[in-house]
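**Student:** structure, please.
(one chain, ligands or ions: 2)
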Amino acid sequence: MGVVPEQQPAGATHPILASQVAMFKVVESRFLAPDIKRFVIQAPRIARKRQAGQFVILRVNDTGERIPITIADGDADAGTITLIVQGIGKTTKLMNTLEAGDVLANVVGPLGKPSHIERFGTVVVTGGGVGTAIAYPTAVALKQAGNRVLSIVGARTKELLILLDEMRSTSDELFVMTDDGSTGEKGFVTAKLQELIEREKVDHVLAIGPVPMMRAVAAVTRSRAIETIVSLNSIMVDGTGMCGGCRVAVNGKTQFACVDGPEFDAHQVDFEALAHRNAMYLAQEKESNLRFEQRQRHDDGSPCRLDQLAQGVEHD
Ligand code: NAD
Ligand code: FES
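**Tutor:** Ligands and ions are numbered 1, 2, ... in the order given. Sure, this is the predicted structure:
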């Protein structure tokens, strides 16, 4: 699969051990939208090897959790990869505090199977919210393979739309949808998809975004038997097929999103099981997020209320 250890030291052969001593410097960082930040990270070997659809697993610091992030772009000559991170939980919010010059503890990748690219004919690339960052490299690869690319980008509101210029430059036509109608057309991405498949013959659909969106896209294309691919954002730990954390049900069989995916045939995915698994640790995620936010607020150094409660310390 080609997991690439960065700056492997003499004697270190295990990719994860090797990557722990590497330096993954943040070269650029800027917010694209509220809570959505774009990072350019120094990771030369990953930049050389990565293909559309693949991801990395990173840790912000030595004690942090491992989070999977799809590689949105890369520059092999500059030795950098681009990651786009939505700050929704503790670790992604911590990541989004990093600025140029900061360093990530480790980054392992590229992981997962690359997107299947061929000349399908007319393809519709559908990006929902931050899922657009994941769809973008595959849209580029589909265009380069000679496809006619129609892209639909959707978000709740204007401020949350990302990569519009990039998507426009790789698409024959770009359609913008917002839930509130603040720009583009009002409605979900699925409304535009329905319109397009009624307008013309569509040979292939890629849909990346929240689970309800991918499930809704699959429902639209199923009746016309249009091949549809989704990228699954299941919970991941090791990213190497060992822990089973990312298991998903596809065509009644257990698959591991980290090694068998992350892309799968949308018409075969059990989205209900995926949504259920993704919600399994919501309570813990919420608590961890709350602690993080309280710690951020206590920048004067005083301990946060939750920490005090956890340690049995009470005061008014
Ligand atoms: P969001 O909830 O704002 O939705 C983005 C767009 O998706 C909407 O504007 C709409 O056009 C479409 N959409 C949403 N629900 C729909 C439905 N029921 N039917 C049809 N279309 C629908 O998106 P967000 O806040 O950017 O996304 C957050 C979620 O996306 C998180 O849960 C995150 O885990 C997930 N996500 C998934 C991936 C992936 O690889 N699939 C990647 C990043 C984030
Ligand atoms: Fe552990 Fe996929 S993340 S098996």
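**Student:** quick one, phi psi at the residue lying closest to Glu200 once chain neighbours are set aside?
**Tutor:** Distance criterion C-beta to C-beta, 6 or more residues apart in numbering; nearest residue to Glu200, sequence neighbours excluded, is Thr122 at 6.7 Å. Every residue, glycine included, has its C-beta placed from N, CA and C. Thr122 adopts backbone torsions of phi -100, psi 120, taken as degrees, to the nearest 10.
**Student:** Thr122 contacts Lys143, correct?
**Tutor:** No: checked against C-beta atoms under 8 Å, the pair Thr122 and Lys143 is beyond contact range at 11.9 Å.
**Student:** close to ligand 1: what parts of this protein are there?
**Tutor:** 128-131, 134, 154-156, 177, 179, 188-190, 208-210, 212-213, 216, 231, 233 (C-beta under 6 Å from any ligand atom).
**Student:** next step: those restricted to strands.
**Tutor:** Mapping these onto strands (DSSP state E) picks out 128, 154-155, 177, 208, 231.
**Student:** before we move on, the earlier item: just the buried ones from the residues of the chain next to ligand 1?
**Tutor:** Listed as buried from those are 128-131, 134, 154-155, 177, 188-190, 208-209, 213, 216, 231, 233; burial here means 16 or more other C-beta atoms under 10 Å.
**Student:** shaky segments in the stretch 151-300 of the chain?
**Tutor:** Counting by pLDDT under 70, the stretch 151-300 of the chain shows low-confidence ranges at 281, 283, 286, 297-300.
**Student:** please enumerate the strands of it.
**Tutor:** All strands of the stretch 151-300 of the chain, identified by DSSP state E, counting those that start in this stretch, fall at 173-178, 185-186, 204-208, 227-231, 247-250, 253-256, 263-265.
**Student:** look up the pLDDT of the residue of the stretch 51-200 of the chain found nearest ligand 1 for me, please.
**Tutor:** As assessed by C-beta to the nearest ligand atom, ligand 1 sits closest to Gly129 within the stretch 51-200 of the chain, at 1.8 Å. pLDDT for Gly129: 95.
**Student:** now do Arg38
**Tutor:** Here, the pLDDT recorded for Arg38 equals 97.
**Student:** please identify the pairing partners of whichever strand or helix holds it and their relative orientation?
**Tutor:** Assigned by DSSP states H and E, Arg38 belongs to strand 36-42. Strand pairing for strand 36-42, determined by DSSP bridges: strand 24-33 (antiparallel), strand 80-86 (antiparallel).
**Student:** which residues touch the longest one?
**Tutor:** With contact meaning C-beta atoms under 8 Å, 6 or more residues apart in numbering, strand 24-33 is reached by 6, 37-43, 58, 80, 84, 96, 98-107, 159-163.
**Student:** ranges for the helices of the chain?
**Tutor:** Counting by DSSP state H, the segments of the chain that form helices are 15-20, 44-49, 90-95, 131-144, 164-169, 189-199, 211-222, 257-260, 271-278, 282-297, 305-310.
**Student:** packing partners for the third one?
**Tutor:** When contacts are defined as 3 or more C-beta pairs under 8 Å, 6 or more residues apart in numbering; DSSP states H and E, helix 90-95 sits against strand 67-75, strand 80-86, helix 282-297.
**Student:** residues of this protein that sit close to ligand 2?
**Tutor:** Going by C-beta under 6 Å from any ligand atom, the residues of the chain near ligand 2 are 236-239, 241-246, 256, 258.
**Student:** which among those residues end up buried?
**Tutor:** 236, 238-239, 241, 245-246, 256, 258.
**Student:** would you turn the residues you listed into TSV with distance to Phe292?
**Tutor:** Compiled in TSV, these are given as follows (distance: C-beta to C-beta, whole Å):
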residue	distance to Phe292
Met236	20
Asp238	23
Gly239	23
Gly241	30
Gly245	21
Cys246	24
Phe256	29
Cys258	25
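**Student:** tell me how far Leu196 lies from Val202.
**Tutor:** 6 Å (C-beta to C-beta, to the nearest Å).
**Student:** for Val125, same thing?
**Tutor:** 11 Å.
**Student:** which one of the two is surrounded by more residues?
**Tutor:** Legend: neighbour count by other C-beta atoms under 10 Å for Val125 and Val202, higher for Val125 (28 against 22).
**Student:** Gln255 reaches Gly261, doesn't it?
**Tutor:** Yes: between Gln255 and Gly261 there is a contact under C-beta under 8 Å: 6.6 Å.
**Student:** which neighbours do those two share?
**Tutor:** Common neighbours of Gln255 and Gly261 (C-beta under 8 Å, 6+ apart) are Val248.
**Student:** returning to what we had before: quick one: the strands of the stretch 151-300 of the chain as TSV, columns for distance to Ala273 too.
**Tutor:** As requested, those are exported to TSV (distance: least, C-beta to C-beta, whole Å):
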stretch	distance to Ala273
strand 173-178	28
strand 185-186	32
strand 204-208	18
strand 227-231	14
strand 247-250	5
strand 253-256	10
strand 263-265	13
